[in-house]
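Participant: sequence and predicted model, in that order:
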Amino acid sequence: MTDPEPNDYVIEQAEREGESMLVGDLLLYIERYDGDERPGVSDAQLDAYVEALAEKNFFARGPSNVREQIERRTDDSETWVEEDTFYRVGTDRVSNFPKRWHEQLGPDDDLRAFVRVMAEDIETSPHGTDRGGQGRGVPEQLLLDAATVLADYDRGDAKTELEELRDRDELVMDADMNREGRVQLQE
């Protein structure tokens, strides 16, 4: 088996964001733009990116900090735990999203299915999420991120579909003043 080659677009995005890029964002970019048919990112893929970025002196605190952060924040839970958690989704694979989401959501699902599955986990988790303000539902940005990874949506297309579903009252946004509010199924 050959070593994975990092996707140039992911490397460019990381360089563009620079030191402000969070480890979760790097993992999200890899999942979105360099994913294979299996859930998450393999350890070998992640190592290839860390090595490529280290060669460009990208990491102010050193490349080992990336792996340490991911290992420290990775959980074996198959459902949502809390914000800033990564999930083991295979023997040597990690993801921003729980295994259950990978198993239950895919290209054949529209955003209503995403909201149903994601809200069930987030709302039953003792920690939930702080993103998107207070209340019930799925934070909009988390919903869009999940759709781009788990169903290969283009981010713009996902945003357009969300707006259309809201216009038809099939999905609703909470009344919170947060500009990235929470999305819920119409009751």
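Facilitator: Now that the structure is in, tell me what you want to look at.
Participant: so what does the helix or strand where residue 165 lies touch, helix or strand wise?
Facilitator: With elements taken from DSSP states H and E, the one containing residue 165 is helix 155-167. Under the contact criterion of 3 or more CB pairs under 8 Å, 6 or more residues apart in numbering; DSSP states H and E, helix 155-167 touches helix 111-124, helix 140-150, strand 171-173. C-beta: built from backbone N, CA, C; applies to glycine.
Participant: what's the mean pLDDT across the second one?
Facilitator: Just to be clear, that refers to helix 140-150. Confidence over helix 140-150 (mean pLDDT, whole number) is 95.
Participant: chain center to that helix, what's the gap?
Facilitator: 6 Å (CA atoms, centre = their mean, to the nearest Å).
Participant: contact partners of that helix?
Facilitator: 28, 31-32, 35, 95-97, 101-102, 105-106, 111, 114-115, 118, 129, 131-132, 153-155, 158-159, 162, 173, 180-183 (CB atoms under 8 Å, 6 or more residues apart in numbering).
Participant: try the first one
Facilitator: Helix 111-124 is touched from outside by 79-80, 98, 100-101, 104-105, 128-129, 136-138, 142-143, 146-147, 150-151, 158, 161-162, 165, 170-171, 183-185, with contacts defined as CB under 8 Å, 6+ apart.
Participant: residue ranges with poor pLDDT in the chain?
Facilitator: Along the chain, segments meeting pLDDT under 70 span 1-3, 60-61, 126, 128-134, 174-179.
Participant: and the helices in it?
Facilitator: Read by DSSP state H, the chain holds these helices, from start to end of the chain: 8-17, 23-34, 43-55, 64-73, 99-104, 111-124, 140-150, 155-167.
Participant: tell me the most buried of those helices?
Facilitator: Between the helices of the chain, helix 140-150 has the highest mean count of neighbours, a mean of 22, where neighbours are mean count of other CB atoms under 10 Å.
Participant: the inter-axis angle of it versus helix 155-167?
Facilitator: An angle of 130 degrees separates the directions of helix 140-150 and helix 155-167 when computed by axes from the mean of the first three to the mean of the last three CA atoms, to 10 degrees.
Participant: mind exporting helix 140-150 as CSV, just the C-alpha atoms?
Facilitator: Coordinates of the C-alpha atoms in helix 140-150 are reproduced here as CSV (Å, rounded to 0.1, in the frame of the first residue of the first chain):
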residue,chain,number,x,y,z
GLU,A,140,-26.7,25.6,11.3
GLN,A,141,-23.0,25.4,10.7
LEU,A,142,-22.7,21.9,12.2
LEU,A,143,-25.6,20.8,9.9
LEU,A,144,-23.9,22.3,6.8
ASP,A,145,-20.5,20.8,7.8
ALA,A,146,-22.0,17.3,8.3
ALA,A,147,-23.9,17.5,5.0
THR,A,148,-20.7,18.4,3.1
VAL,A,149,-18.8,15.4,4.6
LEU,A,150,-21.5,12.7,5.0
